[in-house]
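[1] turn this into a structure:
(2 chains)
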Protein chains: 2
Amino acid sequence: MLKVGINGYGTIGKRVADAVAAQPDMTVVGVAKTQPNYEAHAAVRRGYPLYAAIPERAPLFSEAGLELAGAVDELVAEADIIVDATPSGIGAENRSLYESHDTPALLQGGESADVADVSFNARANFDAAEDADYARVVSCNTTGLSRVIAPLQEEYGVEKVRATLVRRGGDPGQNTRGPINDILPNPIHVPSHHGPDVKTIFTDLDIDTMGLKVPATLMHVHALNVTLDERVTAAHVQALLEQENRLYVIPEGMGIDGVGKLKNFALDAGRPRGDLWENCIWGESIGVRGRDLYLFQAIHQESDVVPENVDAIRAVMGLEPQDESMRLTDDTLGVGISGDPAGFSQQQVPADD
Amino acid sequence: MLKVGINGYGTIGKRVADAVAAQPDMTVVGVAKTQPNYEAHAAVRRGYPLYAAIPERAPLFSEAGLELAGAVDELVAEADIIVDATPSGIGAENRSLYESHDTPALLQGGESADVADVSFNARANFDAAEDADYARVVSCNTTGLSRVIAPLQEEYGVEKVRATLVRRGGDPGQNTRGPINDILPNPIHVPSHHGPDVKTIFTDLDIDTMGLKVPATLMHVHALNVTLDERVTAAHVQALLEQENRLYVIPEGMGIDGVGKLKNFALDAGRPRGDLWENCIWGESIGVRGRDLYLFQAIHQESDVVPENVDAIRAVMGLEPQDESMRLTDDTLGVGISGDPAGFSQQQVPADD
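    Next comes the predicted model:
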């Protein structure tokens, strides 16, 4: 069993921990947390050994009644690989800690690409992580774009991608972020940094992106245009996308007209935390004009990178080839919603101890 | 096994169905739905026989690939009791249907009090439903107020209650409701109708309420003042409230500073749909000036009435006495979070079939 340590037990870290715990070939040896808040209590309830990410704060944990297994450097020493799920920029600072213990690590998409040896998306470039010790799992938006671009490129060829990313201002618990009544061109310079980030996965892709932030917390929505190398029908594209397990083409007639109902849909199905690991593409929105393909997709910023982290662990450690890893990840987590609306997978919902 | 039919499978109905299915003494004989949307598909996945609430629309269900067990009047004939979870005002229209089949029914708090024989809150007036055929489970806000008033009244006596209800504008999926950038005195006449609604439970209570609506979807928050008959300490009140299984006094230091993080807390614990069946009272907010008690509590409008509906079924049908019913409901659903932050109950998360 591969021993995985999680440094940072917030929005991404807690989800990756549960996903790792569900795998047959790896185990969570501990999670590191900066403060003894409700998430730290949840980690203990789930049975994950808890480490102080900032050793000086260890007494705060005992005051809160939380037993520590040690400090973060002990976790790094104990683990075969670390998933760094700390806030943007902290991962870069942490790399030297991992190097000092010769412990490979995954970093998240909030870090600069040059912090890692390779940027990673399971569908698009799994094998690129084979010889890497430090892999960056690209951001939620880049993951969402990569998953849909890969099959289009393989099937039709892509001349150019243009995408407008209408992003949520903050996650549901992030009550100090905005905007609360604005539509922010963000970043205001165009094209945005998201396009170059996708090019860390597809080196030769021609892609321009524009980003905005709006008063929403649940998901991002992409308005996507892909100019293909050949003329296709919308029906052909839909059939192609429906074959991808990490894309969910929302059938017409389901009454899911926005991201609120999409989240309800996931919660109703018993998905842990109401997570939507898949890109959610509105079937009605898939449209073609000449060689131009258009669609809307919703991206759950809290969870779409979770299966990608699991696959990145296997890629970096050489545990399984791409297809086998993705299949195993999807089967264990319950990733994948078939076009048949009745086809939700049996969900694995981790319960508290 | 008592046969329970659910008429209306939306926000409340789907939750009540899952709660009934989890009880040892009752079973879901069917749910009625007006349209074949994602919730109808979820009902079928969960194995609930599906009935057309509007018989003329039956063909729409077959077109969507959903098999119907019949029309709603057949469900009413088949059931020992109906839980009507239709939108406000429809329950009143439905009562004659239930009467024509001699089927007792629960109505929800959106109906006028005079539509039912009795208004119901499990903690405050369980026994009042004993001889009723039609009981109204009071609204989420009235439920939340009743649960906290009952122990205060019993322990200290209550001179007067004054409450400001800062209400969410709509549920997460209700994307045609507002406000999106306003703070609405609503209703603008004071005191609001919420006080009289609480008096359907506590006949002689002196209570005034004021209501507002704000741009939020996750929960309501009450700013509560109770003038008690005697002087007490905040610590004594906190200890009293912590004894109530359907009140959760959020411990200090958990880092839960708003309703977004409260919902995260529930989702992290594996609660079905992230539901918070308990009033969530911020421990730090419990304050006393003379005989005036103050506190803030958050009320999850989608779920706090769910255990109340289960208890109301038992009360109307004479299945169990109050204490036994509430204990059974709470144990089967996992209602109750002890003051010890590690004390989340083992959750019962219904998985899809």
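[2] check the closest residue to A:Leu319 other than its chain neighbours and give its pLDDT.
    Excluding its sequence neighbours, the residue lying closest to A:Leu319 (CB to CB, 6 or more residues apart in numbering or on different chains) is A:Asp25, at 6.0 Å. All C-beta atoms are positioned from the backbone trio N, CA, C, and that covers glycine. Looking at A:Asp25, its pLDDT is 98.
[3] any idea how far A:Asp25 lies from A:Asn309?
    14 Å (CB to CB, to the nearest Å).
[4] tell me which of those two has more neighbours.
    Relative neighbour count places A:Asn309 above the other of A:Asp25 and A:Asn309, with 25 against 16, counting by other CB atoms under 10 Å in any protein chain shown.
[5] who's in contact with that one?
    Residues counted as contacts of A:Asn309 (CB atoms under 8 Å, 6 or more residues apart in numbering or on different chains) are A:12, A:16, A:19, A:83, A:106, A:137.
[6] how about a cut-off of 10 Å?
    A:Asn309 makes contact with A:4, A:6, A:12-13, A:15-16, A:19-20, A:83, A:85, A:106, A:108, A:120, A:122, A:135, A:137, A:329, according to CB atoms under 10 Å, 6 or more residues apart in numbering or on different chains.
[7] do A:Val305 as well
    A:12, A:15-16, A:85, A:108-109, A:120-122, A:137-144, A:277, A:299, A:312 are the contacts of A:Val305 under CB under 10 Å, 6+ apart.
[8] and what of A:Asp73?
    Going by CB under 10 Å, 6+ apart, A:Asp73 touches A:32, A:51, A:55, A:97-98, A:100-101.
[9] in TSV: those residues, plus pLDDT, secondary structure and distance to chain B.
    Output for the contacts of A:Asp73, formatted as TSV (pLDDT from 0 to 100; DSSP: H, G, I helix; E, B strand; the rest coil; distance: CB to the nearest CB, whole Å):
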residue	pLDDT	secondary structure	distance to chain B
A:Ala32	98	strand	16
A:Tyr51	98	strand	18
A:Pro55	95	helix	20
A:Leu97	98	helix	25
A:Tyr98	98	helix	27
A:Ser100	98	helix	31
A:His101	98	coil	29
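[10] what about stretch A:5-18, start to end distance?
    Using CA to CA, to the nearest Å, one end of stretch A:5-18 lies 12 Å from the other.
[11] is it in proximity to chain B?
    Yes - counting by CB under 10 Å from any CB of the partner chain, chain B has neighbours in stretch A:5-18: A:10-11, A:14-15, A:18.
[12] so how far is that stretch off the chain centroid?
    12 Å (CA atoms, centre = their mean, to the nearest Å).
[13] doesn't A:His236 lie inside a helix?
    Yes - the assignment for A:His236 by DSSP: H, G, I helix; E, B strand; the rest coil puts it in a helix.
[14] residues contacting the nearest residue to A:Gln322 once chain neighbours are set aside?
    Using CB to CB, 6+ apart and skipping residues adjacent in sequence, the residue nearest A:Gln322 is A:Phe126, 3.8 Å away. If you count contacts by CB under 10 Å, 6+ apart, A:Phe126 has them with A:120, A:308, A:311-312, A:314-315, A:320-323, A:325-326.
[15] one more time with 7 Å
    A:Phe126 is in contact with A:311, A:315, A:322, counting by CB atoms under 7 Å, 6 or more residues apart in numbering or on different chains.
[16] and what of A:Leu106?
    A:83-84, A:135, A:137, A:309, A:312-313.
[17] quick one: furthest residue from the center of chain A?
    Taking CA atoms, centre = their mean, the residue of chain A most remote from its mean C-alpha position is A:Glu63, at 33.8 Å.
[18] for it, which non-adjacent residue is spatially closest?
    A:Pro36 (7.6 Å).
[19] can you tell me how far the residue nearest to the spatial centre of chain A is from A:Val226?
    Nearest to the centroid of the C-alpha atoms of chain A, with distances taken as CA atoms, centre = their mean, sits A:Val305, at 1.2 Å. For A:Val305, the distance to A:Val226 equals 22 Å [CB to CB].
[20] A:Pro179 against A:Pro215, yeah?
    Yes - A:Pro179 lies in contact with A:Pro215 (CB atoms under 7 Å); the separation is 5.5 Å.
[21] any shared contact partners between those two?
    Joint contacts of A:Pro179 and A:Pro215 (CB under 7 Å, 6+ apart) are A:Gly169.
[22] next, give phi and psi for A:Val31.
    phi -130, psi 140 (degrees, to the nearest 10).
[23] make sure it is actually in contact with A:Arg15.
    No - using CB under 7 Å, A:Val31 is not in contact with A:Arg15; the gap is 11.5 Å.
[24] distance check, A:Gly170 against chain B.
    9 Å (CB to the nearest CB, to the nearest Å).
[25] now the residue nearest to that residue when sequence neighbours are not counted: which helix or strand?
    By the measure of CB to CB, 6+ apart, the closest residue to A:Gly170 outside its immediate chain neighbours is A:Arg177, 3.2 Å from it. Per DSSP states H and E, A:Arg177 falls between elements, in no helix or strand.
[26] what is the burial count for A:Arg177?
    13.
[27] then A:Pro59?
    So A:Pro59, with other CB under 10 Å, has 11 neighbours.
[28] got the CA positions of the helix or strand where it lies in PDB?
    Using DSSP H and E, A:Pro59 maps to helix A:58-63. Written as PDB, here are the backbone C-alpha positions of helix A:58-63 (Å, rounded to 0.1, in the frame of the first residue of the first chain):
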ATOM      1  CA  ALA A  58       0.600  22.600  18.200                       C
ATOM      2  CA  PRO A  59      -0.600  23.800  21.600                       C
ATOM      3  CA  LEU A  60      -3.800  25.200  20.000                       C
ATOM      4  CA  PHE A  61      -4.700  21.700  18.800                       C
ATOM      5  CA  SER A  62      -4.400  20.200  22.300                       C
ATOM      6  CA  GLU A  63      -6.400  23.100  23.700                       C
END
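[29] helices or strands up against it?
    For helix A:58-63, there is no helix or strand it packs on, judged by 3 or more CB pairs under 7 Å, 6 or more residues apart in numbering or on different chains; DSSP states H and E.
[30] residues in contact with that helix?
    Applying CB under 7 Å, 6+ apart, the contact partners of helix A:58-63 are A:35-36, A:52, A:68, A:71.
[31] mind redoing it with 6 Å?
    The contact list for helix A:58-63 (CB atoms under 6 Å, 6 or more residues apart in numbering or on different chains) reads A:36, A:52, A:68.
[32] which parts of the stretch 1-150 of chain A are strands?
    With DSSP state E, counting those that start in this stretch, the ranges of strands along the stretch 1-150 of chain A come out as A:2-7, A:26-33, A:50-52, A:70-71, A:81-84, A:105-108, A:118-120, A:134-137.
[33] indicate the residue of the stretch 151-300 of chain A located nearest to chain B.
    A:Gly255 (3.2 Å; CB to the nearest CB).
[34] neighbours around A:Gly157, how many?
    Neighbour tally, A:Gly157, other CB under 10 Å: 11.
[35] show me the contacts for it.
    Per CB under 6 Å, 6+ apart, neighbours of A:Gly157: A:Asp229.
[36] beyond the strand ranked longest in chain A, next helix or strand please.
    In terms of residue count, the longest strand belonging to chain A (DSSP state E) is strand A:158-168. Downstream of strand A:158-168, the first helix or strand assigned by DSSP H and E is strand A:184-185.
[37] which residues of the stretch 151-300 of chain A lie near chain B?
    Counting by CB under 6 Å from any CB of the partner chain, the stretch 151-300 of chain A comes close to chain B at A:172-173, A:175, A:181, A:253-256, A:258, A:260-261, A:264-265, A:267-270, A:273.
[38] so which of the contacts of helix A:58-63 wins on neighbours?
    Compared across the contacts of helix A:58-63, A:Pro36 has the highest neighbour count, 27 neighbours, by other CB under 10 Å.
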